[in-house]
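Colleague: coordinates only, no sequence provided:
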């Protein structure tokens, strides 16, 4: 991994009609976001879901790549006619869409010459000058071009590949978090949380999320900061609010 920078951000772009139609449930956003934060200190600042439409892919990739340090895409790099992510990104960056020699060799060896049909050959095509993200599960590699890293949409395959992109990333400051679950409703503590957030606005992010678990109604107060000192400090203040209001802490 490259040299550590204090603030490094990324966007995630989910590409696929099957996600928008509801036929397939996305599982990649939470996995990528968690991995980036915990392993690389990179925070995800935006997530988008778009259809398999070339113009839409081109415009969105160009916009996100100009706003974020990295863009992670999932979906659309398989063997079928509607897998158009690679060629769309080639057009976005004005690169030739062509066979990557190493990717071609990997896939030909994996499938064998006899079974290496046109659909499988398509998975070796990507923007010229792309760097490969190796795939230990099903051989077909993802790729990196400029600051865009492209992965397949199948969660199990993506999960197996993610470590292989670490060498392309600059490490940032890790964001720590702590969750305090209180048996109450948001309106009971909203004023107090607002005052605490205002007090530590430059140092910590406080989130409030209602929950219903095992018959219990409550609020998860999530503290996020790059400095554990402020996590501990604000946790004490939240616990003090809970004590003053006689709220029970829910552990599960």
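Modeller: That came through, no problem. This is a predicted model, so every value here is computed, not measured.

Colleague: which of the helices or strands spans the closest residue to residue 41 other than its chain neighbours?
Modeller: Once flanking residues are discounted, residue 41 sits nearest to residue 172: 3.8 Å by Cβ to Cβ, 6 or more residues apart in numbering. Heads up, the C-betas are built off the backbone N, CA and C, glycines and all. Remark: residue 172 resides in no helix or strand, with elements defined by DSSP states H and E.

Colleague: what ranges do the helices span in the stretch 101-250 of the chain?
Modeller: 101-111, 118-122, 155-161, 186-199, 228-244 (DSSP state H, counting those that start in this stretch).

Colleague: give me the number of residues near the residue nearest to residue 41?
Modeller: Residues near residue 172, counting by other Cβ atoms under 10 Å, number 21.

Colleague: measure stretch 95-103 end to end?
Modeller: With Cα to Cα, to the nearest Å as the measure, stretch 95-103 spans 17 Å from end to end.

Colleague: re earlier: for the helices of the stretch 101-250 of the chain, which one ends up most surrounded?
Modeller: helix 155-161 (a mean of 17; mean count of other Cβ atoms under 10 Å).

Colleague: now do that one: which elements does it pack against?
Modeller: Counting contacts by 3 or more Cβ pairs under 8 Å, 6 or more residues apart in numbering; DSSP states H and E, helix 155-161 is packed against helix 28-35, strand 131-135, strand 148-151.

Colleague: measure residue 69 to residue 162 for me?
Modeller: For residue 69, the distance to residue 162 (Cβ to Cβ, to the nearest Å) stands at 17 Å.

Colleague: also residue 78?
Modeller: For residue 78, the distance to residue 162 - Cβ to Cβ - is 18 Å.

Colleague: and if you look at residue 132?
Modeller: Taking Cβ to Cβ, one finds residue 132 at 14 Å from residue 162.

Colleague: so which of these two has more stuff around it?
Modeller: residue 162 (20 against 16).

Colleague: wait, what's in contact with the more buried one?
Modeller: 31-32, 35, 151 (Cβ atoms under 8 Å, 6 or more residues apart in numbering).

Colleague: now do residue 193
Modeller: Residue 193 touches 206, 208, 221, 238, 241, counting by Cβ under 8 Å, 6+ apart.

Colleague: residues contacting the last one?
Modeller: Right, residue 241. Here residue 241 is in contact with 189, 192-193, 196, 247 (Cβ under 8 Å, 6+ apart).

Colleague: thought residue 95 was touching residue 143?
Modeller: No - using Cβ atoms under 8 Å, residue 95 is not in contact with residue 143; the gap is 10.9 Å.

Colleague: okay, and the common contacts of those two?
Modeller: In contact with both residue 95 and residue 143: 127, 130, using Cβ under 8 Å, 6+ apart.

Colleague: show me what the helix or strand residue 71 falls within is packed against.
Modeller: Residue 71 belongs to strand 70-74 when assigned by DSSP H and E. Packing contacts for strand 70-74, counted by 3+ Cβ pairs under 8 Å, 6+ apart, involve strand 9-15, helix 28-35, helix 54-67, strand 148-151.

Colleague: out of the ones you listed, which is closest to residue 181?
Modeller: helix 28-35 (19.2 Å; Cβ to Cβ).

Colleague: so in that sheet, which strands flank the helix or strand just after that closest one, and in what orientation?
Modeller: Next along the chain after helix 28-35, taking DSSP H and E as the criterion, comes strand 43-50. Applying DSSP bridges, strand 43-50 is found paired with strand 9-15 (parallel).

Colleague: so which residues make contact with the very next helix or strand once past the strand it pairs with?
Modeller: Reading on from strand 9-15 to the C-terminus, the next helix or strand found by DSSP H and E is helix 17-20. Helix 17-20 is contacted by residues 24-26, 49-52, 75, 82, 153 when judged by Cβ under 8 Å, 6+ apart.

Colleague: which one of those residues sits in the busiest neighbourhood?
Modeller: residue 75 (27 neighbours).
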